[in-house]
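> pasting the structure only:
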C-alpha cells in the first residue's frame, strides 16, 4: 500500500451516517487526524440525530447531513457529487463503506479514497484499500476505525481520546442533586433489554449510597421506564424530555452511567464518566463494544444460553434473566470506590479482561496445561459432547488453543465467519 504524501492542511471527509455509538467510537480517529494535521479541514457526514453532537466537537469543522438515507438510496447522487467537487476534498475516509457514498466520491474524483478492501464490488473504487479485521474478535470498534489511517502513516493512540475535555454540554435540570446516576434502560440494535427488576435492585443500591437515579430514554421507552420508576418518588424520570446535547449534559455531570451497550453508554465513556455496562448476549461482546478509555465494569451472566445468538429476533430470557442482582450491586460498589485521580489501566490489560469475559477457550493441544487461573471459561477435549459445532455454539467458544497453526485453520475461520458473528480462532497463545 502506498503511503499518502504529507499535506499540511488537507481537506478531509469522513463518512459515518450511523448510530450514535458508532459515531462516538469514530472520534479517536478524528482526534488522531487532528493531532497529525492541526490545520486540516475536517468534515464529517452524519445523520440528523448525531449532527448536533458532531457540531459541538472542537476537532470537527463542518458536519454534512446524509443524503442517501444510510446507504439505502441513490436519490440525489449527482447534486451530492457536485457538492463534493465544489469543496475540492483531498481525502475521503469511508468509515461507513456503502455503495452510494463510494460511488459519489469516485465520481467526484477525490484524489485519495480510503476504504475496506474486503467489499469486492466497492474495493476498485478506492485508491487505498485497507483490510479491516471485522472477523477478529480481539478488535474493538475504535481499533477497526483507526485501521483506516494506515495509508497516512499516522501515529495511532494507545488510549481512548475523544476530545470532549473542554466542552460543557447544557444541563436540562440545573437543580439536580450533587450525586446522581444515569440509568438508560433502552437498547440499540443487536442487544437485549434487561428486566425491570434488575434496574430496581440497582436503584436500591444507589439509594443506600445517597445517589439519586435519573432515568433517560426516548419516547418509545417511556412505558418501561415508568414501570422502573413506579412507587419510588426519588427517581427523576427524564424519558423523552431531552435532546441529544441535553442528554450529554446529564451524563457529563453524573457520578456513574448504567446501561447495556447503547449510544448513551459510549457517550458516557467518551466523556470520562465511569460506566457500568450490562452485557447479556453472546452476540454483543465487550471485545468489540466495551466502554473504551474510562473506568468501568462489564457484567455478563455466568449461565450458558443454548442457542445461536441473534438477539434482534430472540424472545427467550436465557441471558437477560441470568444476572445476579447482588453481584451487580457489588460491582457497582467497587466502581464507585475508584478514586477520581486513579490512572486508567493500560488498554492491553483492559482488552485482556474483555477477552476473558467474552471468549470461552477449547484446548485442542496434546498436553494437559490448564489455564483456568487466567479467568477464561476453559474446556478440554474431554469436555466435548454432542455434535461438535453445535457444542461450540452453545459454549460460545472464542478460541481453539492448538500446538501450532496449520494451513487450513484460516479457511475454517472464514467459513465459520459466514455462520457466526464471532467465529472461533485457532491460536497458539492466548492474548
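Ah, there it is. Computed from a prediction, not measured in an experiment: that's the story for all the values here.
> Report the contact partners of the residue most central in space within the chain.
Central residue of the chain (C-alpha atoms, centre = their mean): residue 289, 3.3 Å from the mean position. By C-beta atoms under 8 Å, 6 or more residues apart in numbering, the residues touching residue 289 are 21, 140, 141, 261, 266, 279. For every residue, glycine as well, the C-beta is placed using N, CA and C.
> The fifth one and residue 24 touch, don't they?
Yes. Checked against C-beta atoms under 8 Å, the pair residue 266 and residue 24 is within contact range at 4.5 Å.
> any idea which of the contacts of residue 289 is the one closest to residue 325?
Comparing the contacts of residue 289 against residue 325 with C-beta to C-beta places residue 279 closest, at 15.6 Å.
> State the pLDDT value of the closest one.
pLDDT, residue 279: 87.
> Residue 265 looks like it's in a helix, true?
Yes. When DSSP: H, G, I helix; E, B strand; the rest coil is applied, residue 265 is found to be in a helix.
> can you give me the strands in the stretch 201-350 of the chain?
212-215, 236-237, 256-259, 275-278, 296-299 (DSSP state E, counting those that start in this stretch).
> do the same with the stretch 1-150 of the chain
For the stretch 1-150 of the chain, strands defined by DSSP E, counting those that start in this stretch occupy the ranges 11-15, 41-46, 62-65, 91-93, 112-116, 128-130.
> if you compare those strands, which one is most tucked away?
Mean neighbours per residue, mean count of other C-beta atoms under 10 Å, is largest over the strands of the stretch 1-150 of the chain for strand 91-93, with a mean of 27.
> separation between the closest residue to residue 318 other than its chain neighbours and residue 192?
Using C-beta to C-beta, 6 or more residues apart in numbering and skipping the chain neighbours, the partner closest in space to residue 318 is residue 305 (3.9 Å). Using C-beta to C-beta, to the nearest Å, residue 305 is found at 10 Å from residue 192.
> Neighbour count: the two, which is higher?
Using other C-beta atoms under 10 Å as the criterion, residue 305 and residue 192 rank with residue 192 on top: 24 against 21.
> Check whether the more buried one sits in a helix, strand or coil.
Residue 192 is classified as coil under three-state DSSP.
> Double-check it against residue 260; I have them as touching.
Yes. If you go by C-beta under 8 Å, residue 192 and residue 260 touch, sitting 7.1 Å apart.
> tell me, what's touching those two both at once?
With C-beta under 8 Å, 6+ apart as the test, residue 192 and residue 260 both reach residue 280.
> what's residue 65 in contact with, if anything?
45, 46, 47, 48, 51.
> ok, 10 Å please
Taking C-beta atoms under 10 Å, 6 or more residues apart in numbering as the criterion, residue 65 is in contact with 17, 45, 46, 47, 48, 51.
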